[in-house]
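**Student:** After the sequence you'll find the predicted model.
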Amino acid sequence: MSRIGKLPVIIPTGVTVTIAVGNEVTVKGPKGTLSRKLSPDMTIAQEEGKLTVTRPNDLKRFKALHGLTRTLINNMVVGVTEGYIKRLEINGTGYRAAKAGNKLTLNLGYSHPIEMTDPEGIESTVDGTTKIAISGIDKEKVGQYAANIREKRPPEPYKGKGIKYENEYIRRKAGKAGKK
């Protein structure tokens, strides 16, 4: 039995979950609404403020889908109640970020500034000039937008310059050895 898949998803007060034909799950909460089509092989049951996911048999494919389906539903419930935040830090001389409307402008040592538009449902904020916070209700979209921003200048191992996640550790390398 899947350790994650067998856990019930607890539905907090103020959140409504509807399961349509073909496992189309819609979650409505105080922060918004999320909808996702999940695998029709899994059986999703709702009873007394809890959702349970069961699989038809123990084939490897169904074992993999069991935990995934439960986690996707849980992420939707957490998203509409609390939301998700990813924080990025910019390190490097002259590297900075600015926000104007829904456009994020990054100066990362290139000959031109990089402009990025916030996707629908995602909001980015800049604290000072070196900290970026991306927030939204869809965990997948928040993580993807943060990865797209980090991709513009990933941290390098010699000086640590670039964009990194707040809790990311950069393994540093020793510089070039001098002649003896």
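**Tutor:** Thanks, I have it.

**Student:** What segments of the chain are helices?
**Tutor:** In the chain, the helices defined using DSSP state H lie at 60-81, 139-151.

**Student:** Any chance of a markdown table for these, columns distance to residue 50, mean pLDDT and mean neighbour count?
**Tutor:** Just so you know, the C-beta spots here come from the backbone N, C-alpha and C atoms, and that holds for glycine as well. Written out in a markdown table, the entries for the helices of the chain read as follows (distance: least, Cβ to Cβ, whole Å; pLDDT from 0 to 100; neighbours: other Cβ atoms under 10 Å):
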| stretch | distance to residue 50 | mean pLDDT | mean neighbour count |
| --- | --- | --- | --- |
| helix 60-81 | 11 | 93 | 19 |
| helix 139-151 | 21 | 96 | 17 |
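
**Student:** So which of the ones you listed is nearest residue 53?
**Tutor:** Nearest of these to residue 53, taken as Cβ to Cβ: helix 60-81 at 4.5 Å.

**Student:** which residues are in contact with the closest one?
**Tutor:** Taking contacts as Cβ atoms under 8 Å, 6 or more residues apart in numbering, the residues outside helix 60-81 that touch it are 2-5, 7, 9-12, 14-15, 17, 25, 27-34, 36, 38-39, 41-42, 44, 51, 53-56, 84, 136-140.
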